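**Q** the following comprises the amino acid sequence and a computationally predicted model.
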Amino acid sequence: MDPTEAELESFRQKWREEVSAKTKGKAPAPTTALKTSQASSSKAPAVNGNAPQAHLPQRHHNVEELDEVEPHTYQDLGKKLHGKRLDETSPSPASSTKEPSSALEHYERAVEKESQGSLGDSVNLYRKAFRLDSKVHETYKNKHFPASSYQSHKSKPQAINPSNASVTVPNTAHHSLQGLPPPLQTLINEFSNLSIQGEAAPTDLSPPPPCPISTIPEEMLVEILIQLAIQDVSSFVRLASVCKRLAYLVTTEERVWKRICLGQEFGFGAMHYTFACQIDGKPLGDDGEGGYILGSNPIPDSDPEEVPEQCPTPDLASLTTLLVPTLYPTFRTLFRLRPRIRFNGCYISTVNYTRPGASSVTSISWNSPIHIVTYYRYLRFLRDGTCISLLTTAEPADVVPWLHLEYVHKNHGNLPSAPMKDALLGRWRISGPAAPSPSAPGGGEAAGGEEAEKEGTLHIETAGVAPKYLYKMVLGIGTAGRGAKNNKLVWQGYWSYNRLTDDWAEFGLKNDRAYYWSRVRSYGLGFEVGASGGD
């Protein structure tokens, strides 16, 4: 037998004895095995010039030992593998040894401690950093999160086509994030690739409830949203709180908002920019009588015989379309910000003021009575161009249910509708439209030769308390509150016109307050047949 093979066989025999001794519970002799292994490896010559054969028994020894013997365990594994776990970050050698001196170094060490879970140490470091520099957080942000990297990330194109929509139909032309604040744009844009998620299964083994709306193509879903918006805009807007996908569609779907703006349910198709009827609600005559402001003509200093019958009503749909995106970035912004009148409720002005009462001769001055006077003004606008104006001391609960045309100019006696005996019928129009008529010469004049009016002023003309009087009110359309728009009417002027003397008198507005809109569900969308026969 070759000497090399003999040494290898003796090594294998000793190794088997050591393994059997460890298995029976005897103490191993690692030093003896190590010396034997070293001796055998040093004495073994190279066979045919192939040196790696001397290391072959060592590799075989390691493999079998791992299979039969318990491997060695390290008690300080946590310290040796610091920074290797997913929830930890290894600190830099400089930060672990060097004490922070500047405000930025304190802030960076505080962020590091906070990521490690040492909240107490991080709070102390934050305090030291802000004592040294009150704007250290901005310095930290500019160093680790520069604006250049954010802009490059923000400028990356992102697809807005939902996963469940047909790839053959481009949807980008119908969505718009313009007019929104940048943070809100970023948030809404993140919802573009999401889909409508159904309800989760009640248990692990039960199937999830069906959700048919999650599989509807976007084209059909938009049509459903349009029908909902026509019925009630507030219900359509509340869909944004259902899920992120619907929030994206409600905010950015221009097809729905364009239909709302151009329609007559809530949009500008129902607005009147010229008077549509006479003050008593009758249609305008062929001679144009009653078509303009009290005592005035559409063209000043002109012969009454040369006055045209009535300025032709401009194409409101075309004018409304021209406002986007020249004056308003989107149709959603147009609907919210452009002045308009609401028909599904009424405007109420509550007036409270005090006045001193009469005192007797024998009473002392500090005991004089003080009267608190309260009265209400009501305005309800109808789609045919008429309106109802009422000044009374009756509270809204006693007036609002009866604020209809059928109760105007009637003797109510002691009926619940008695407050309507003082109601006055009139007409209304909004100044404008702001955009000039496309067919007007020069492009800077409105239809009929007049200069384009600036929108936002409401003109109301009503009958007076006596046949010889007529009243004219000018109100500005404003906003009250944060969410709602076009829900306030502010006084700009109030006049009385005497037909017999052709003279004007102005009412003082010392105690009058602004009108605020209140929704009345019984009015519906405000489609009510007026005295002029329209709806």
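**A** Done, it's in.
**Q** by contact count, what packs against the helix or strand encompassing residue 142?
**A** Here residue 142 is covered by helix 136-144, with elements defined by DSSP states H and E. Applying 3 or more C-beta pairs under 8 Å, 6 or more residues apart in numbering; DSSP states H and E, one finds that helix 136-144 makes contact with helix 103-116. Bear in mind the C-beta positions are built from the backbone N, C-alpha and C, glycine included.
**Q** what residues of the very next helix or strand once past the helix it packs on count as buried?
**A** The element immediately downstream of helix 103-116 (helix or strand, assigned by DSSP H and E) is helix 119-132. Residues of helix 119-132 classed as buried under the neighbour-count rule (16 or more other C-beta atoms under 10 Å) are 122, 125, 126, 128, 129, 130, 132.
**Q** could the residues you listed go into a markdown table alongside pLDDT?
**A** Supplementary listing: those in a markdown table, determined by pLDDT from 0 to 100:
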| residue | pLDDT |
| --- | --- |
| 122 | 86 |
| 125 | 90 |
| 126 | 89 |
| 128 | 89 |
| 129 | 90 |
| 130 | 89 |
| 132 | 89 |
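**Q** can you classify residue 191 by secondary structure?
**A** In terms of secondary structure, residue 191 is coil; the call rests on DSSP: H, G, I helix; E, B strand; the rest coil.
**Q** so it touches residue 246, yeah?
**A** No - the pair residue 191 and residue 246 does not pass the contact test of C-beta atoms under 8 Å, sitting 9.0 Å apart.
**Q** below-threshold pLDDT in the stretch 251-400 of the chain: ranges please.
**A** Residue ranges of the stretch 251-400 of the chain with pLDDT under 70: 286-314, 359-367.
**Q** ranges for the strands of it?
**A** Shown for the stretch 251-400 of the chain, the strands assigned by DSSP state E, counting those that start in this stretch span residues 345-356, 370-381, 386-392.
**Q** ok, the first one: who's next to it in the sheet?
**A** What it means is strand 345-356. As defined by DSSP bridges, the strand partners of strand 345-356 come to strand 370-381 (antiparallel), strand 515-519 (antiparallel).
**Q** for residue 122, give its distance to residue 104.
**A** Residue 122 is 15 Å from residue 104, where distance means C-beta to C-beta, to the nearest Å.
**Q** what of residue 255?
**A** Taking C-beta to C-beta as the measure, residue 255 falls 51 Å from residue 104.
**Q** pLDDT weak spots in the chain?
**A** 1-2, 24-97, 147-174, 286-314, 359-367, 434-452, 529-535.
**Q** would you map out the domains in it?
**A** 3-45+53-68, 95-152, 172-200+208-262, 336-360+367-523 (automatic domain parsing).
**Q** before we move on, the earlier item: can you tell me which of the buried residues of helix 119-132 is nearest residue 208?
**A** Of all these, residue 122 has the smallest distance to residue 208: 42.8 Å, by C-beta to C-beta.
**Q** how about the contacts made by that closest one?
**A** Neighbouring residues of residue 122 by C-beta atoms under 8 Å, 6 or more residues apart in numbering: 110, 111, 113, 114.
**Q** what's the burial count for the second one?
**A** Around residue 111 sit 16 other residues, with neighbours defined as other C-beta atoms under 10 Å.
**Q** swap in residue 388?
**A** Using other C-beta under 10 Å, residue 388 has 22 other residues around it.
**Q** what's opposite it in the beta bridge?
**A** residue 380, residue 425.
**Q** so what's it up against?
**A** If you count contacts by C-beta under 8 Å, 6+ apart, residue 388 has them with 378, 379, 380, 382, 403, 404, 405, 408, 423, 424, 425, 426.
**Q** residue 507: how many residues sit nearby?
**A** In terms of burial, residue 507 registers 14 neighbours under the definition other C-beta under 10 Å.
**Q** that one touches residue 474, doesn't it?
**A** No - in terms of C-beta under 8 Å, residue 507 does not count as a neighbour of residue 474; the distance is 11.6 Å.
**Q** what touches both of the two?
**A** Any residue near both residue 507 and residue 474 by C-beta under 8 Å, 6+ apart counts here, and that gives residue 494.
**Q** so which of the strands paired with strand 345-356 is nearest residue 526?
**A** Nearest to residue 526 among the strands paired with strand 345-356 is strand 370-381; the distance by C-beta to C-beta comes to 7.7 Å.
**Q** right, I'll call it a day here.
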